[in-house]
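Asker: Return a 3D structure for these sequence lines:
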Amino acid sequence: MVEVPTDWRLVVQTGPLAGTRLEIPRGRLTIGRDSVCDLKIEDPKTSRVHCYVERRTDGVYVADNGSTNGLTVNGEKVDSCRLVPGDTFRIGTTEIVLLESSDFSSIEFFDSGAELTAELRTDSVSSGLLAEKFADLLQSYSKSTEGNAEVAAEREKSEKLASSLKSLFSVSGQMSRLLPIDELLSVVSNALFEVFPGAENLVILLRDEERGHMVPRLAVNRDGERDLVIHVSRTALRRAVDTKSTVVANDASKDDRFANSDSIVGFHLKALICAPLVAGDDVIGAVYIDNREKNLFYDELDAELVTAFANQAAIAVGNALLCDHLQLSYHQTLQALVRAIEAKDPYTSGHSQRVRDYAVAIALRMEFDKKRVDRLSMAAELHDIGKIGVHERVINKPGGLTDTEFETVKMHVEMGEKILKPIGYMADLLPWIRGHHERWDGKGYPDGLKGEQCPLEGRILAVADAYDAMTSKRAYNDPLGTDEAMGRLRKGAGTHFDPQVVEAFEESMKSERVTIMSDSKAPSTNRPPTEF
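Answerer: Presented below is the predicted three-dimensional model:
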């Protein structure tokens, strides 16, 4: 529910002070003839302190102060009552109304007693629904025009337009949301295949700023197959991009514009449409559809539909690319910060990248989808970012830590969460980073989470982090061999680590999904296992 403004003011309606406005702050206002009153009214029928107006947490109240002539609200005499916007009270010959104010001094709110004649939910109306109504009207119209070939052709064209508009408008709401670029391109392709049922192939290209040319980001056929070869006419693409125009070709071998284009004629393309994605003055991409069916013909209406849709898609794609760029910039900045932290300890150089590789290997073994793997990869890279708050003396201390020093080290998980919390798109990563030192038996830190109380991603990071700590040279111990490190993980399964995660990691190592460190001598560590 959207609340209206909750600031009130009194407006004098009659008498010499008519039009006077008085804001009502928290607390009490006095009205009367006395000079000490907040609203002084020179009226013999008004007492010296006639009434009080008080703003409380639950509203505005007016109360008579034992005046000679009393107080009326909306024509009825009262001792005190709660006012609502629009209520009028009279003292003597002066009428005053309570109004609700906005940030604009010229706008005032009141509760109308008028009867509502219509009310329509905004989500009950869509462009697609309007297109449906348009199609229904055409159907009614067709009954009176049957037998007229020319009118029938126009009607068919109008029906095609209405159907196409319905399909395109149906995805406009999806495109208005800020979607990941790959998801957005799938929405665009599905809509175009619906509008152009004869299209065989669709390619969406986006400009690669580094390479300076268009690069395919989605290539798919009508059956949804993506691992296939699609021949794109470079001639048509270049013409569409250079002229910022939608290009249509039917039986391209006979089209003079493309007569010398082997990329069209050689592949026997019978019809194609290529529309640029134009954002502002820049061409940021292009949409390309084609087919090799002889009975298909794209006309000017098809070009208009693709152009209109491409213009809308270009805005959505531009926003998605901008969002991706900002997220990449954030991530690169954070990666630089992680490298700076690792530079404080020469023994941990590359630790975050190795933890990422191990965590990804585990996730793939546990059959995470791509999006989930990517999010875990990001969390792994940043899992120790909170160590920026730990002094180098503690990080590089060669011997065991004092209790105070260990407590300082333990705080790095909470510090990491605080550093990343303001970055909204990393919200889902925070519990994993905070939880990468929790234990399966609940004896970890910082929250003592037990078993599946800790998110699975956090439990994966715990195993990956521990393995790299054991197999890397540290200030406080030399690296263990891979076999011994894996043995310690197995030994800790069910107490320190999630058994299923340990099993998945071991299987991933056997399948060589990650690079296995070379064996080395394995002296004992002098730090507790929670310090991995």
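
Asker: remind me which residues of the stretch 51-200 of the chain are low pLDDT?
Answerer: Applying pLDDT under 70 to the stretch 51-200 of the chain flags the ranges 101-178.

Asker: Can you classify residue 193 by secondary structure?
Answerer: Under DSSP: H, G, I helix; E, B strand; the rest coil, the three-state class of residue 193 is helix.

Asker: and what of residue 317?
Answerer: helix.

Asker: If I follow the layout properly, it ends up in contact with residue 207?
Answerer: No: the criterion here is Cβ atoms under 8 Å, and residue 317 misses it with residue 207 at 10.3 Å. (Glycine included, C-beta is placed from N, CA and C.)

Asker: between the two, what contacts are shared?
Answerer: 284, 285 (Cβ atoms under 8 Å, 6 or more residues apart in numbering).

Asker: right, and the helix or strand after the helix or strand of the chain with the lowest mean pLDDT?
Answerer: Least confident helix or strand, the chain: helix 262-265 with a mean of 42, by mean pLDDT, DSSP states H and E. Beyond helix 262-265 on the C-terminal side, the first helix or strand identified by DSSP states H and E is strand 271-279.

Asker: and that next one, what other elements does it pack with?
Answerer: helix 234-243, strand 247-250, strand 282-291, helix 300-343 (3 or more Cβ pairs under 8 Å, 6 or more residues apart in numbering; DSSP states H and E).

Asker: so for the third one, what's the average pLDDT?
Answerer: For strand 282-291, the mean pLDDT works out to 88.

Asker: For the stretch 1-150 of the chain, which segments are assigned as strands?
Answerer: Secondary structure of the stretch 1-150 of the chain (DSSP state E, counting those that start in this stretch): strands at 7-12, 21-23, 27-32, 39-40, 51-56, 59-64, 71-73, 76-78, 80-83, 88-91, 94-101, 108-109.

Asker: Please convert those to TSV, extending it with distance to residue 495 and mean neighbour count.
Answerer: Listed next are these as TSV, based on distance: least, Cβ to Cβ, whole Å; neighbours: other Cβ atoms under 10 Å:
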stretch	distance to residue 495	mean neighbour count
strand 7-12	60	19
strand 21-23	66	13
strand 27-32	62	18
strand 39-40	75	17
strand 51-56	58	19
strand 59-64	60	18
strand 71-73	73	19
strand 76-78	73	11
strand 80-83	63	16
strand 88-91	74	21
strand 94-101	62	20
strand 108-109	63	18
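
Asker: Need the ones you listed in CSV (columns: distance to residue 479).
Answerer: Compiled in CSV, those are given as follows (distance: least, Cβ to Cβ, whole Å):
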stretch, distance to residue 479
strand 7-12, 67
strand 21-23, 72
strand 27-32, 70
strand 39-40, 82
strand 51-56, 69
strand 59-64, 70
strand 71-73, 84
strand 76-78, 85
strand 80-83, 75
strand 88-91, 84
strand 94-101, 70
strand 108-109, 71
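
Asker: Let me know which of those strands is the nearest to residue 486.
Answerer: strand 7-12 (66.7 Å; Cβ to Cβ).

Asker: And residue 312, how far from residue 273?
Answerer: 16 Å (Cβ to Cβ, to the nearest Å).

Asker: In terms of neighbours, single out the busier of those two.
Answerer: Set side by side, residue 312 and residue 273 show more neighbours around residue 273, with 26 against 18, by other Cβ atoms under 10 Å.

Asker: State the helix or strand in which residue 466 lies.
Answerer: Assigning secondary structure by DSSP H and E places residue 466 in helix 456-471.

Asker: next one: the next helix or strand after that helix to chain centre, how far?
Answerer: Next along the chain after helix 456-471, taking DSSP H and E as the criterion, comes helix 482-492. The chain centroid and the centroid of helix 482-492 are separated by 41 Å under Cα atoms, centre = their mean, to the nearest Å.

Asker: do stretch 401-409 as well
Answerer: Taking Cα atoms, centre = their mean, one finds stretch 401-409 lying 39 Å from the centre of the chain it belongs to.

Asker: Which stretches in the stretch 301-450 of the chain count as helices?
Answerer: Counting by DSSP state H, counting those that start in this stretch, the stretch 301-450 of the chain has helices at residues 351-365, 370-381, 392-395, 403-410, 412-420, 430-434.

Asker: out of these, which comes closest to residue 282?
Answerer: Taking the helices of the stretch 301-450 of the chain one by one with Cβ to Cβ, helix 370-381 is closest: 27.9 Å.

Asker: Which of the helices and strands packed on strand 271-279 sits closest to residue 21?
Answerer: Taking the helices and strands packed on strand 271-279 one by one with Cβ to Cβ, helix 300-343 is closest: 43.2 Å.
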